[in-house]
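1. One predicted model, sequence on top.
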Amino acid sequence: MGTISQQILSIVLFVAMGQAIRAARYDRAANERDAIPSQKFLGRTMNWHRLDDGVMGGQSETAHSVSADADELQFSGQINTDGGGFCSIRSPIEGGLPPDAAAVRICYVGDGKTYKVLFSDGKKSAFGPSRRSPSWQSDLPTKNGVEDTAIICLDSLVPSLQGGPISTDTNIEPIEVKEMGFMLSLKLSRGESNPVEKFGSGIFPFSLKVRSIESVSTN
């Protein structure tokens, strides 16, 4: 039994070491330098960089791109649930949303999976988004190959910290929204598991095309 226990411990340590090495090699700064311009929003072109589970030692990969006229953002890649399970793209929002913003309207074409839309104050930690201020999330269901439009109301967003929903009395203020993103993850915005039929299992590809992003005011 001792030998079996030692073998199991060795395997666990080997896996953990592999994750630690991948996390150490993950070059988030290079991802930000290689950001792709796409989507006019609030009069500026957004610049999208990838942030995958590699930041914590996972093996998922985003391969985002843009159409020739820069009008369609392609968020695609491959999820690997062995040691991870998320891919995302993010763009700064200079100056935040307008003070009278009530929602964000998104036109998109998906692949049948359920994605998430993310908003945050843009602060960062060594592992990606800030671990002290939440991101604000909403699920984005898609139908395979079907164009759809979603209006994401700011007052309906779910605050999330370190991968899970939190309870807070704080509301998101439009002017404090300095970053927006799209994510495919094992977890939905309220913390429950993303169903296999709306996510996938093992190693699998994904594709979300974003055709437009607009701010919706209260007026």
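-> Cool, the structure landed.
2. so what's the spatially most central residue of the chain closest to, chain neighbours aside?
-> In the chain, the C-alpha closest to the average C-alpha coordinate belongs to Met183, at a distance of 2.7 Å (CA atoms, centre = their mean). Distance criterion CB to CB, 6 or more residues apart in numbering; nearest residue to Met183, sequence neighbours excluded, is Ser88 at 3.9 Å. To be clear about C-beta, it is placed using only N, CA and C from the backbone, and glycine gets the same treatment.
3. Make sure that neighbour is indeed in a helix.
-> No: under DSSP: H, G, I helix; E, B strand; the rest coil, Ser88 sits outside any helix and is assigned strand.
4. list the contacts for it?
-> If a contact means CB atoms under 8 Å, 6 or more residues apart in numbering, then Ser88 has Arg50, Leu51, Asp52, Thr62, Leu118, Gly181, Phe182, Met183, Leu184, Ser185 as its contacts.
5. on that earlier part again, can you name the residues that contact the residue nearest to the centre of the chain?
-> Phe86, Cys87, Ser88, Tyr115, Lys116, Leu118, Gln137.
6. How far away from the center of its chain is the longest strand along the chain?
-> With DSSP state E setting the assignment, residue counts place strand 203-217 as the longest strand in the chain. Distance, stretch centre to chain centre, for strand 203-217: 11 Å (CA atoms, centre = their mean, to the nearest Å).
7. neighbouring strands for that strand, and are they parallel or not?
-> Partner strands and pairing direction for strand 203-217 (DSSP bridges) are strand 73-80 (antiparallel), strand 101-109 (antiparallel).
8. Pull out the buried positions in that strand.
-> The neighbour-count criterion (16 or more other CB atoms under 10 Å) identifies Phe206, Ser207, Leu208, Lys209, Val210, Arg211, Ile213, Ser215, Val216 as the buried residues of strand 203-217.
9. Next: stretch 103-113.
-> For stretch 103-113, the buried set under the neighbour-count rule, 16+ other CB under 10 Å, comprises Ala103, Val104, Ile106, Tyr108, Val109, Gly110, Asp111, Gly112, Lys113.
10. Quick one, grab the pLDDT at Ile11.
-> Model confidence at Ile11, given as pLDDT, is 43.
11. actually Asp53, sorry about that
-> Asp53 carries a pLDDT value of 83.
12. can you list the weak-confidence ranges in the protein?
-> Of all residues in the chain, those with pLDDT under 70 make up the ranges 1-28, 57, 68-70, 124-132.
13. Could I get the full set of helices for this protein?
-> 2-25, 28-33 (DSSP state H).
14. Run the chain-centre distance for the last one.
-> The offset between the C-alpha centroid of helix 28-33 and the centroid of the whole chain comes to 15 Å, using CA atoms, centre = their mean.
15. Val196 is nearest to which of the strands paired with strand 203-217?
-> The stretch from the strands paired with strand 203-217 with the least distance to Val196 (CB to CB) is strand 73-80; that distance is 11.8 Å.
16. circling back to that earlier point, now the two most distant members of the contacts of Met183.
-> Among those, Cys87 and Gln137 lie farthest apart (CB to CB), at 14.9 Å.
17. Between these two, point out the one with more neighbours.
-> Of the pair Cys87 and Gln137, Cys87 is the one with more neighbours under other CB atoms under 10 Å, namely 28 against 25.
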